[in-house]
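Novice: Provided below are the primary sequence and the corresponding predicted coordinates.
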Amino acid sequence: MQFPFVQNIYSEEETINLAKVFSLLLQKGDCVSLIGNLGTGKTFFVKNLCKEFLIDDANSPTFALLNVYLGKEKFFHFDFYRVRSEQELLDIGLYDYLNDEEAVSIIEWADLFPAVLPKKRYEITITLNDDFSRTFTIRKL
C-alpha cells in the first residue's frame, strides 16, 4: 500500500477487504486516527480491522470513550464524539495509552481534538459520496 492511498469502496465486502489489507501494516505502538461524518463506516471498518487480530467484540466506545480489546495484539479504541474538552482526554490518561508501545490505538472522530494526536500516525478519512459509495483516503503521517 502506497501513501497517500485513495480508494472508492462500493460494498461492505470491499470495506472488509480493505481492513484486511490495512491490518497487515499495523504494528505495536501504532496509532490510527479515523475521520468521517456520522454513517460513513468508521466503526464498521474498526470492527473488521479488529477481527484480523482475533478480536470479535469490538464496538463503538461512543459512551464509554475508550474500549480495550485483547487479541493477537492489544487495542485501545477511542471515540472522541462526545468529548467536551481536551482536559477530559488528559484526565483519562490519553497520553499514557497513546505511548503504550505494546498496543495499537484507534481513534474515531480524531479531527475533533487534533492537538492531542500523535504526529506519527495513520490517518484514515472516510467520505460518503452521492452514490452512497465511500472514499477511503489513508495517509501515513
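Specialist: Happy to help now that I have it. What you see is a predicted model, and the numbers here were worked out from it, not measured in a lab.
Novice: next one: phi and psi at the residue nearest the centre of the chain?
Specialist: Among the residues of the chain, the smallest C-alpha distance to the mean C-alpha position (CA atoms, centre = their mean) belongs to I106, namely 3.8 Å. According to degrees, to the nearest 10, the main-chain angles of I106 amount to phi -120, psi 130.
Novice: what's the pLDDT at it?
Specialist: pLDDT for I106: 98.
Novice: that one against L34, yeah?
Specialist: Yes. Counting by CB atoms under 8 Å, I106 touches L34, with 6.9 Å between them. Just so you know, the C-beta spots here come from the backbone N, C-alpha and C atoms, and that holds for glycine as well.
Novice: could you say what helices and strands the longest helix belonging to the chain packs with?
Specialist: In the chain, ranked by residue count with DSSP state H as the criterion, the top helix is helix 12-23. Based on contacts counted as 3 or more CB pairs under 8 Å, 6 or more residues apart in numbering; DSSP states H and E, the elements that helix 12-23 packs against are strand 5-9, helix 42-51, strand 134-140.
Novice: closest to G29 out of those?
Specialist: strand 134-140 (13.9 Å; CB to CB).
Novice: shared neighbours, I106 and L34?
Specialist: Applying CB atoms under 8 Å, 6 or more residues apart in numbering, one finds that I106 and L34 are jointly contacted by V46.
Novice: surely C50 touches N67?
Specialist: No. Using CB under 8 Å, C50 is not in contact with N67; the gap is 9.7 Å.
Novice: so N67 sits right up against A58, yeah?
Specialist: Yes. Between N67 and A58 a contact is recorded at 7.1 Å, counting by CB under 8 Å.
Novice: nice, that's everything, thank you.
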